[in-house]
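Asker: Here's a sequence, model it:
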Amino acid sequence: MPATRKSNCIVLALMLARTSSSFVSAFTQHASRRIIVPSAASAFVNWHSQKPQRVSSPRWMSEGDAPAEKTDEEKAAIKAVREARKAEKELKKAEKKAKKAAQAAEEEAAKKVEDVTYLSFDEQDTYSKMGDMTRVMSRSRTNRRFGDIANLEHAEKYPAGSKIWLRGRLQSIRVKGGSCFLVLRQGSFNTVQALFFKDKEDQEGSKKMINYLKTLTVETVVDLEGIIVGDASVRSCSIQSVELNIERIHAVSKARAQLPFLVEDAARSEAEVEASQDTDRPFPRLGQELRLDNRWMDLRTPANNAIMRVQSAICQLFRESLYSQGFMEIHTPKLIAGESESGAGVFTTDYFGTTACLAQSPQLYKQMAISADMERVFEIGPVFRAENSNTRRHLCEFTGLDLEMTINDHYMETLEVVHKCFVHIFTGLETRHAKELDIIREQYDSEPLKFTEEPCVLHWSEAQDILKEKGFDMGDGMNDLSGAQELALGEAVKETYGTDFFMLDKYPAGIRPFYTMPDPDDDRFSNSYDMFIRGLEICSGAQRCHDPELVQEIMAKKGIEVGDGLQSYISSFKDGISPHAGAGIGLERVVFLYLGLDNVRKASMFPRDPNRCTP
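Answerer: Next up, the predicted model:
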């Protein structure tokens, strides 16, 4: 290789090496004309061991000289340098990442709280004071004595300083620094505050407890053991004079971190939500569909939970009143061979090759029970109506409160029994369930229902006159009342008689079922009646037609064929049956209207309408 080219190669290598010790050696040897070309490996070692510096062109290299094209050996040297440099960076990055991961794993291991398998109260001291409870699978009876939040203010039963186990939901939890404040809820009504503060004598245990409390989500079901502290003042809870110092806490069933909505938001009144809209932090509006899609969450709110309790109370009071008046409870079929109300709104299903229907009411079977010498019967059961009515007061499935009874002379005997039953229900709700009513009225404002001690009964002709005076066109007076007409009639009755609950009888025969007894003086009308709360119908009834020939005559006029489903019904009359009358009451309607709610769906646990068959 010519001397000039060798010199240029040396210069290029030196530029790559950036002033290393080999640079000085190579330059000295060049000056003495003893040319030594460093290999790629030695160039890399010398470059890698020295701090990079800026290199200026040597004086012996003229400005006109340009570096020659790199040889394969030179390119390999450059590539080796680059790859080594990259490899070193990746190595350092990996080492740093591994060190960080190890540190995080160590911290996580320190924070981690093992699950607790709680088998016996006697062995409690051997269990961790915090941690998720292993799945409750009936492994043992632990013999823990669980208390009720509602009774915590009874000092005799739960004295200050004593320990108590509670199971409930985390309504709220706030962890800050070395302290934690949480609210535990049982059911939907009863809440108590529980506290935890860092213990200086057990800093490691306190740190673990705080870290565990941070993992708990709102609505999680927990078991909590606490020490009762008296003389507290907690306005935000139902238990205001007592709080708990947390000793142990275990999650029994964790709620997901992202809930469909907060129970707190679902519990606000419309007035409260509306008033917040012009503020910096408006409360969210929860639509009806969102609530119904997650109905189990919606029912956790105090008011909605109380509505279901009122519904239960109405059934209990209904039973109490009728039992006291000599009735017996029966249970009738819900799969029937024909329509019970002779209307088109019926659900059908295949019944082993034939068509069956879901009962629109227990009507036919109540009457057959009378034929079986069960003189006074009632039933509480499901009723199905295939009516495509998307209104605030209609459901496709509801609970019927039905009754049937023999009469001696007049259907007023039945109206008196039903009125007595409703008076028992109304007074029972206001006296025995005042707490639930107060809770409901905090969210859904309403006034207590007004009613008379004796039945308030209007006749059809009187109702027609009242509505005409209010400007309604009643036509020939033979059509059923519209919703607006019912409301107007309710307002007029309250103004005149001071009652929200009244009865209307003598409906036109053409708008009543075939089993209704005609009026003896004018067969265009009937011995039928409806009952109203706050101007909306909640009950329909009548004296029944117990004469088989007359029943068949009415059926013929209405174009109803006597099929298999009705043949047994008519046969039960042919074998003798006492005159009788009855009524069918819609449970959800009663709840909805008594509480002054805006929609009957709020009165149904899991409502069914034309657009909803889940959950």
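Asker: Below-threshold pLDDT in the stretch 251-400 of the chain: ranges please.
Answerer: Low-confidence segments of the stretch 251-400 of the chain, defined by pLDDT under 70: 339-344.
Asker: which stretches of it form helices?
Answerer: Ranges of helices in the stretch 251-400 of the chain, per DSSP state H, counting those that start in this stretch, are 263-266, 270-276, 288-293, 295-298, 302-324, 363-371.
Asker: just checking, what packs against the third one?
Answerer: So the one you mean is helix 288-293. helix 295-298 (3 or more Cβ pairs under 8 Å, 6 or more residues apart in numbering; DSSP states H and E). Every residue, glycine included, has its C-beta placed from N, CA and C.
Asker: can you list contacts of the helix it packs on?
Answerer: Helix 295-298 is touched from outside by 259-261, 263, 266, 291-292, 304, 605-606, 615, with contacts defined as Cβ atoms under 8 Å, 6 or more residues apart in numbering.
Asker: how about a cut-off of 6 Å?
Answerer: 260, 266, 291, 304, 606, 615 (Cβ atoms under 6 Å, 6 or more residues apart in numbering).
Asker: quick one: which of those is nearest Y323?
Answerer: The shortest approach to Y323 among those belongs to F606, at 28.5 Å (Cβ to Cβ).
Asker: what's the neighbour count on the residue nearest to I149 when sequence neighbours are not counted?
Answerer: Counting by Cβ to Cβ, 6 or more residues apart in numbering, I149 lies nearest to N190, which is 4.1 Å off, once chain neighbours are set aside. When neighbours are counted by other Cβ atoms under 10 Å, N190 registers 18.
Asker: can you check L415 too?
Answerer: L415: 19 surrounding residues under other Cβ under 10 Å.
Asker: Same question for E404.
Answerer: Per other Cβ under 10 Å, the neighbour tally for E404 reads 28.
Asker: In terms of secondary structure, what does whatever helix or strand A102 lives in contact?
Answerer: Element membership for A102 (DSSP states H and E) is helix 72-111. If contacts are counted by 3 or more Cβ pairs under 6 Å, 6 or more residues apart in numbering; DSSP states H and E, helix 72-111 sits against helix 40-48.
Asker: any idea of the mean pLDDT for the helix it packs on?
Answerer: Average pLDDT, helix 40-48: 47.
Asker: Please shift the residue numbers so they start at 34 in all later answers.
Answerer: Sounds good: first residue 34 from here, last item helix 73-81.
Asker: Can you report how many residues neighbour the closest residue to F431 other than its chain neighbours?
Answerer: Leaving aside its chain neighbours, F431 sits nearest to E621 (5.0 Å; criterion: Cβ to Cβ, 6+ apart). For E621, the neighbour count with other Cβ under 10 Å is 24.
Asker: One more: D298?
Answerer: Neighbour tally, D298, other Cβ under 10 Å: 14.
Asker: helix or strand for the residue nearest to F431, which one?
Answerer: Here E621 is assigned to helix 620-627, by DSSP H and E.
Asker: can you pull the buried residues of that helix?
Answerer: 620-627 (16 or more other Cβ atoms under 10 Å).
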